[in-house]
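Student: When you get a sec, could you give me coordinates for this:
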Amino acid sequence: GLLRDMLLRDVHRGHGHCGVDYMCGKVGQGFHAERLRSAAVSVRQHCVFCARFCATFPKNWNVPCGGPLFDISSLMKLPAYSVVGIDYVSLAPKVKALVCVCAATRHCTLLYTPREDSRCSLDALRELSLMFGRPLCVFSDRAAYFRSSSFLDGLKKLGIQSVHLASRSPYEGSLYERRNLEVRRLLRFFGELPSLRRLLATFDSTSVADVASLRSRPLGISSVSEEVNIICPDSLCFGYIRRTDRLTEPLFELSPGLSRGEDDDSDVDLVLESAPVRQGASGFLPTGALGAPPRRLSAVRNSFLSFHFQWLKDRSTRNARGGSRGRVGLVSFVADELVFVKS
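Tutor: Modelled structure (predicted):
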């Protein structure tokens with residue numbers, strides 16, 4: 001029983017978290033074992049990634065994680081990480097990582113950052129550009145560090161377009177939040193293990209790079225005659241299988257990069273500037289995400305109330321603090337004006 005379970009686990013992990021029939025077929029080719037199918041079912045049920053992911057993700061895997069507003073054909077013709085969603089996730093107390101997700105392939109990359117600010121975010125995107133190439137567009141939420149002038153100017157120098165999404169916008173595609181929840185779900189499951197709790201007590205930043213569990217998660221199956229291939233984010237990202245019906249090579253649309261001389265300094269900025277610029281056709285961005293105001297009544301109401309109530313709260317707070325300190329020149333309110341009263 002022990003050798004049988006070890007063989008089943010090796011087959012399950014080595015073939016893209018395959019199913020029960022595939023496991024039994026592979027083991028049955030060279031060995032005879034009793035209760036093989038029931039053991040294969042038990043191995044798959046106790047697999048961490050299959051148990052936490054396969055039962056919760058939709059079957060229409062070919063729709064990009066940004067939602068149906070994206071043009072999947074245009075995205076798949078571009079290299080991986082051309083359209084990226086970013087967000088921060090807390091791996092442990094005082095341990096932050098920037099989650100970078102490719103919109104087309106669902107490939108996920110975690111980059112450790114010492115702080116959660118605009119400078120660290122820009123450095124992480126430069127590191128991502130060195131790993132996978134410079135993105136065309138970066139999606140993020142409306143956090144202060146993503147809207148700062150230093151972050152936007154840095155992206156502009158790199159030639160990266162920035163698109164901010166709000167949680168209450170009707171065109172929100174949950175590009176980064178869904179990836180954030182996936183990472184949190186996986187880490188929360190592992191965080192219950194006592195050995196991992198002791199590991200996170202002395203956290204090593206290099207361990208963030210090991211996200212093979214998210215990249216090897218099975219998304220679908222491609223069958224060519226008798227050959228069955230498991231499709232995962234790694235295969236989509238690196239071009240092994242770009243579609244479900246046929247095998248293709250990765251498609252690149254690149255323009256020639258800048259020439260570099262022998263005396264040029266090998267600085268990160270120079271390397272990024274000399275990299276080829278990706279050219280994307282129209283349609284790789286979601287429709288309605290750029291320059292479109294909210295249309296739903298609830299979105300308009302929430303946007304209006306959140307802004308004006310915050311403005312009123314700040315104004316009332318300044319007035320209350322000024323009065324308590326005995327300052328001269330308090331803000332005067334007219335009759336029938338809405339204010340916040342602190343008890």
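Student: where does the stretch 201-343 of the chain dip in pLDDT?
Tutor: For the stretch 201-343 of the chain, applying pLDDT under 70 flags the ranges 201-214, 216-230, 239-310, 318-332, 338-343.
Student: ditto for the stretch 1-150 of the chain
Tutor: Where the stretch 1-150 of the chain drops to pLDDT under 70, the residues are 1, 16, 30, 45-74, 91-93.
Student: where do the strands sit along it?
Tutor: Applying DSSP state E, counting those that start in this stretch to the stretch 1-150 of the chain gives strands spanning 83-92, 95-102, 108-113, 137-140.
Student: Next, the buried residues of the first one.
Tutor: Put plainly, it is strand 83-92. Using 16 or more other CB atoms under 10 Å as the test for burial, strand 83-92 gives 83-89, 91. C-beta: built from backbone N, CA, C; applies to glycine.
Student: which neighbours does it have in its sheet, and in what orientation?
Tutor: As defined by DSSP bridges, the strand partners of strand 83-92 come to strand 95-102 (antiparallel), strand 137-140 (parallel).
Student: mind exporting the longest one as PDB, just the C-alpha atoms?
Tutor: Yep, that's strand 95-102 we're talking about. Written as PDB, here are the backbone C-alpha positions of strand 95-102 (Å, rounded to 0.1, in the frame of the first residue of the first chain):
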ATOM      1  CA  VAL A  95       5.700  40.700   5.100                       C
ATOM      2  CA  LYS A  96       4.400  42.200   1.900                       C
ATOM      3  CA  ALA A  97       4.500  40.900  -1.700                       C
ATOM      4  CA  LEU A  98       3.300  42.400  -4.900                       C
ATOM      5  CA  VAL A  99       1.100  39.900  -6.800                       C
ATOM      6  CA  CYS A 100       1.600  40.200 -10.600                       C
ATOM      7  CA  VAL A 101      -0.900  38.300 -12.800                       C
ATOM      8  CA  CYS A 102      -1.000  37.900 -16.600                       C
END
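Student: one step back: could you say which one of the strands of the stretch 1-150 of the chain comes nearest to residue 37?
Tutor: Ranking the strands of the stretch 1-150 of the chain by proximity to residue 37 (CB to CB) places strand 108-113 first, at 32.9 Å.
Student: helices or strands up against the closest one?
Tutor: Counting contacts by 3 or more CB pairs under 8 Å, 6 or more residues apart in numbering; DSSP states H and E, strand 108-113 packs against strand 83-92, strand 95-102, helix 118-132, helix 177-191.
Student: Output the first one in PDB, but only the C-alpha positions, please.
Tutor: This means strand 83-92. Extracted C-alpha coordinates of strand 83-92, given in PDB (Å, rounded to 0.1, in the frame of the first residue of the first chain):
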ATOM      1  CA  VAL A  83      -1.400  43.000 -19.700                       C
ATOM      2  CA  VAL A  84      -0.700  42.700 -16.000                       C
ATOM      3  CA  GLY A  85      -2.800  43.100 -12.900                       C
ATOM      4  CA  ILE A  86      -1.000  44.000  -9.700                       C
ATOM      5  CA  ASP A  87      -2.000  44.100  -6.000                       C
ATOM      6  CA  TYR A  88      -0.400  43.700  -2.600                       C
ATOM      7  CA  VAL A  89      -0.900  40.700  -0.400                       C
ATOM      8  CA  SER A  90       0.300  40.100   3.200                       C
ATOM      9  CA  LEU A  91       2.100  36.800   3.400                       C
ATOM     10  CA  ALA A  92       2.900  37.200   7.100                       C
END
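Student: Tell me what angle it forms with helix 118-132.
Tutor: Per axes from the mean of the first three to the mean of the last three CA atoms, to 10 degrees, the angle that strand 83-92 makes with helix 118-132 is 120 degrees.
Student: Could you report the neighbour count for residue 136?
Tutor: Per other CB atoms under 10 Å, the neighbour tally for residue 136 reads 20.
Student: correction: residue 116
Tutor: Neighbours of residue 116 (other CB under 10 Å): 14.
Student: what do you get for residue 127?
Tutor: Residue 127 has 17 nearby residues by other CB under 10 Å.
Student: if I look at it, how far off is residue 87?
Tutor: For residue 127, the distance to residue 87 equals 16 Å [CB to CB, to the nearest Å].
Student: cool, residue 235 as well?
Tutor: Distance from residue 235 to residue 87, by CB to CB: 24 Å.
Student: ok so, going back, out of the strands of the stretch 1-150 of the chain, which gets nearest to residue 151?
Tutor: Closest approach to residue 151 among those is made by strand 137-140 (9.0 Å; CB to CB).
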